[in-house]
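Participant: Next input, structure requested:
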Amino acid sequence: MTGPLLDTVNSPADLRALPPADLPKLAQEIRAFLVESVAQTGGHLASNLGAVELTLALNYVFDTPGDRIVWDVGHQSYTHKILSGRRAAMAGLRQPGGIAGFPRRAESEHDAFGVGHSSTSISAALGMAEAFRQTGSSQRAVAVIGDGAMTAGMAFEALNNAGATDLPLLVVLNDNDMSISPNVGALNNYLARLMSGKFYAAARRAGEKVLSVAPPIRELAKRAEEHMKGMVTPGTLFEEFGFNYIGPIDGHDLNVLLDTLSNIKQLSGPQFLHVVTRKGKGYAPAEANPCQYHGVSRFDPAAGITEKTGAKPTYTQVFGDWLCDMAAADARLVGITPAMREGSGMVRFSQDYPKRYFDVGIAEQHALTFAAGLACEGVKPVVAIYSTFLQRAYDQLIHDIALQNLPVMLAIDRAGLVGADGPTHAGSFDLSFLRCIPNMLIAAPSDENECRRLLSTAFLHNGPSAVRYPRGSGSGAAIEPGLDPLEIGKGVLRRSGREVALIAFGSLVAPALAAAGALDASVADMRFVKPLDVDLLRELAQTHRLLVTLEENAVAGGAGAGVAEALAELGIQVPILHLGLPDRFIEHGDVSAMLAECGLDPAGIERAIRQRITLLPE
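Facilitator: The predicted structure follows:
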């Protein structure tokens, strides 16, 4: 679905050729296209619907792609993709071989910076602005950051650095977590226009020059101005960082956006524009429930998203149920999430135990050190975190938790490949970067029931621990009630065979079993990556000609490397084939197809083993 205006816009240059009066109609057509398109492919919907007018205004006022727009996270960049010649490509959004759901430099010259993780835009745009100054270029850099991303310390580190410069950096806060409130109306729009205009800037500079000869009067005037601006805007904080704060303004009023951005473009020094938008704007179901429509699978736009019934529970749901059950059994348990309540399965826990639930915002570093502080005083924190986001808190895990041997448990969701979100969200490295940390207990369940029991095992462990599990459902194993732990460091032999032993971790136990029949191979479910079951490894090495390690993690430094190191320490020499994720980033697509591409489906596993067997000495 397109429209007469949208059909004519294949680049920002085409957009700038339109009269401003046409832009509201174009915004309507883009919204209709977004709903129809994302309904067919899945993707991030509510945040993109809210950013349509802002995207139009930025590309209309600034000379993109020469001027750089850096989209934070990228959840709000679909309109940007549509305007930059990728409207037809939206049919392949997040599909194998199609365009990514986030900006990528390799995809288009209009994508100034590759994103996916939060709160990087201001740092990147500041670097670009400084590079333009270094090269004598008049290009501009704009960072568009969502309100959630402003909860991360990295954003404030960048603000602190940028405010001390005279670079013409523009930071746009897309405040999209609320409806447009009554105080964001004509008065505030007028004030924003006034504060962004040349007259205001000139008057302010002149006043500062005059008052400089009388420091007490200057200080009084400065305090009066800050007091007045603090009464009508929330900008005092950003002014203190060294930015000229403008707003808040209505992010759906194109006249206000165009006027304000045009004025800002003429100003020097760091500028901060506060824009208020509504998530899901223009599509009633998304407006009513923006969280449900944040990230969607395919759906019928006429009917909206309907709940699936009868499906196997996901690992995330298994964790959420376990968390509530363990909280009922142990009053010391608290749950922590860095802004991923729904994604990590903590909704029911947050409702049943509100005083023991902590959403710390997009602040992974703080989440782990906050947990460490709780653990110091006898509380038992469980940090629910995506594998890819745990990477951002590596120092805190080592220094604040492991070094002090504190009983903080990490429930690591999205371990391994994640499908349509692609390499920015894939949990490809956690086994590698966790395994080398002293005092860590690391578990990898092979099915839903094992997940529940290993969660109990890790929680009851008196030290740092991690349980990593994939996105989606497992094999559908029946989940036993209770909270019984498993013996730490003990694996289990799932199948006895001859010559070849498959040493499998977590999500690859099931495909290992599927491949083992044709090979008459043994299969060990190791359960623990650290500590490894060295007795089981010794037995397998002594009774088989070839060992094969399997993991949904990078081969480099992963669980298989741990097996090789353990056997070397035992003085055992045996041929080993390591199967896992290759030394490259895996593009987005269907998870099963991605695993097959990596040779981690049953057919690929069997094929790799047969090839290796031919190389074994007789």
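Participant: in the stretch 301-450 of the chain, which spans are strands?
Facilitator: For the stretch 301-450 of the chain, strands defined by DSSP state E, counting those that start in this stretch occupy the ranges 333-337, 357-359, 380-386, 409-413, 441-443.
Participant: Single out the most deeply packed of the ones you listed.
Facilitator: strand 409-413 (a mean of 28; mean count of other C-beta atoms under 10 Å). Glycine gets a C-beta too; all of them are placed from N, C-alpha and C.
Participant: Skipping its backbone neighbours, what lies nearest the spatially most central residue of the chain in space?
Facilitator: By C-alpha atoms, centre = their mean, the chain has its centre lying nearest to residue 117, at 4.5 Å. The spatially closest residue to residue 117, leaving aside those adjacent along the chain, is residue 424, at 6.5 Å (C-beta to C-beta, 6 or more residues apart in numbering).
Participant: Can you report how many residues neighbour the one you found?
Facilitator: 19 (other C-beta atoms under 10 Å).
Participant: Same question for the one 10 residues further on.
Facilitator: Burial of residue 434, expressed as a neighbour count using other C-beta under 10 Å, amounts to 26.
Participant: State the distance from it to residue 566.
Facilitator: 16 Å (C-beta to C-beta, to the nearest Å).
Participant: Repeat that for residue 547.
Facilitator: Residue 547 is 11 Å from residue 566, by C-beta to C-beta.
Participant: neighbour-wise, which of those two wins?
Facilitator: When residue 547 and residue 566 are compared for neighbours, residue 547 comes out ahead with 24 against 17, by other C-beta under 10 Å.
Participant: Now do the SS call for the more buried one.
Facilitator: The three-state label given to residue 547 by DSSP: H, G, I helix; E, B strand; the rest coil is strand.
Participant: So what sits opposite it in the bridge?
Facilitator: Residue 547 has these beta-bridge partners by DSSP bridges: residue 501, residue 576.
Participant: sorry, back to before: from memory the residue nearest to the centre of the chain sits against residue 74, does it?
Facilitator: No: counting by C-beta atoms under 8 Å, residue 117 does not reach residue 74; the two are 9.2 Å apart.
Participant: Wait, residue 597 touches residue 582, no?
Facilitator: No: using C-beta under 8 Å, residue 597 makes no contact with residue 582, being 9.2 Å away.
Participant: Find the residues that touch each one of those two.
Facilitator: Overlap of the contact sets of residue 597 and residue 582 (by C-beta atoms under 8 Å, 6 or more residues apart in numbering) is empty.
Participant: circling back to that earlier point, what about the residue nearest to residue 117, distance to residue 100?
Facilitator: Remark: distance between residue 424 and residue 100 (C-beta to C-beta) = 8 Å.
Participant: what's the answer for residue 244, then?
Facilitator: Taken as C-beta to C-beta, the span from residue 244 to residue 100 is 34 Å.
Participant: do the same with residue 460
Facilitator: The value you get for residue 460 to residue 100, if C-beta to C-beta is used, is 41 Å.
Participant: rewinding a little: which among the strands of the stretch 301-450 of the chain is found nearest to residue 557?
Facilitator: Proximity to residue 557 (C-beta to C-beta) singles out strand 441-443 among these, at 12.8 Å.
Participant: so how far is that closest one off the chain centroid?
Facilitator: When distances are taken as C-alpha atoms, centre = their mean, to the nearest Å, strand 441-443 is centred 23 Å away from the chain's centroid.
Participant: can you check stretch 31-44 too?
Facilitator: Relative to the centre of its chain, stretch 31-44 is centred 20 Å away, using C-alpha atoms, centre = their mean.
Participant: same deal with stretch 286-305?
Facilitator: The chain centroid and the centroid of stretch 286-305 are separated by 20 Å under C-alpha atoms, centre = their mean.
Participant: Just the residues contacting that stretch, thanks.
Facilitator: So stretch 286-305 is contacted by 35-36, 38-47, 49-50, 75, 278-281, 283, 285, 306, 342 (C-beta under 8 Å, 6+ apart).
Participant: and those residues, which are buried?
Facilitator: Among the contacts of stretch 286-305, those buried by neighbour count (16 or more other C-beta atoms under 10 Å) are 35, 38-39, 41-47, 49-50, 75, 278-281, 283, 285.
Participant: and these, which of them are in helices?
Facilitator: Under the assignment DSSP state H, the buried ones among the contacts of stretch 286-305 contribute 35, 38, 39, 41, 46, 47, 49, 50, 285 to helices.
Participant: Name all residues that make contact with the last one.
Facilitator: By C-beta under 8 Å, 6+ apart, the contact set of residue 285 is 292, 293, 304, 305.
Participant: Return the per-residue confidence for it.
Facilitator: Each residue has a pLDDT score; the one for residue 285 is 88.
Participant: Let me know the closest of the ones in helices among the buried ones among the contacts of stretch 286-305 to residue 403.
Facilitator: Proximity of these to residue 403, judged by C-beta to C-beta, is greatest for residue 47, which lies at 38.1 Å.
Participant: which ones are touching the closest one?
Facilitator: By C-beta under 8 Å, 6+ apart, the contact list for residue 47 reads 75, 76, 146, 176, 279, 290, 294.
Participant: Any idea which of those the model trusts least?
Facilitator: Least confident of the contacts of residue 47 in the model: residue 176, at 78.
Participant: Residue 537 reaches residue 567, doesn't it?
Facilitator: Yes: using C-beta under 8 Å, residue 537 makes contact with residue 567 at a distance of 6.2 Å.
Participant: more crowded one of those two?
Facilitator: residue 537 (23 against 20).
Participant: So the more buried one: helix, strand or coil?
Facilitator: Counting by three-state DSSP, the backbone at residue 537 sits in helix.
Participant: Enumerate every residue touching it.
Facilitator: 503, 563, 566, 567, 570.
Participant: show me what contacts residue 334?
Facilitator: The contact partners of residue 334, taken as C-beta under 8 Å, 6+ apart, are 356, 357, 358, 374, 379, 380, 381, 382.
Participant: Would you mind giving me the confidence score for it?
Facilitator: pLDDT, residue 334: 98.
Participant: And it, how far from residue 609?
Facilitator: Distance from residue 334 to residue 609, counting by C-beta to C-beta: 45 Å.
Participant: Same question for residue 46.
Facilitator: From residue 46 to residue 609 the distance is 46 Å (C-beta to C-beta).
Participant: what do you get for residue 320?
Facilitator: Counting by C-beta to C-beta - residue 320 and residue 609 are separated by 37 Å.
Participant: Show residues contacting whichever helix or strand residue 503 is part of.
Facilitator: Following DSSP states H and E, one finds residue 503 within strand 500-504. With C-beta under 8 Å, 6+ apart as the test, strand 500-504 has contacts from 446, 512-513, 515-516, 519-526, 537, 540-541, 543-551, 560, 563, 605, 609, 613.
Participant: Distance from the chain centre to it, please.
Facilitator: With C-alpha atoms, centre = their mean as the basis, strand 500-504 stands 33 Å off its chain's centre.
Participant: can you give me the angle whichever helix or strand comes after that strand makes with strand 500-504?
Facilitator: Downstream of strand 500-504, the first helix or strand assigned by DSSP H and E is helix 509-519. Between helix 509-519 and strand 500-504, the angle comes out at 170 degrees (axes from the mean of the first three to the mean of the last three C-alpha atoms, to 10 degrees).
Participant: Report all helices and strands that the helix or strand following helix 509-519 contacts.
Facilitator: For helix 509-519, the succeeding helix or strand toward the C-terminus, using DSSP H and E, is strand 522-525. Where contact means 3 or more C-beta pairs under 8 Å, 6 or more residues apart in numbering; DSSP states H and E, strand 522-525 is packed against strand 492-495, strand 500-504, helix 509-519, helix 534-543.
Participant: Mind listing the strands strand 522-525 pairs with, and their directions?
Facilitator: Strand 522-525 pairs in its sheet with strand 492-495 (antiparallel), strand 500-504 (parallel), by DSSP bridges.
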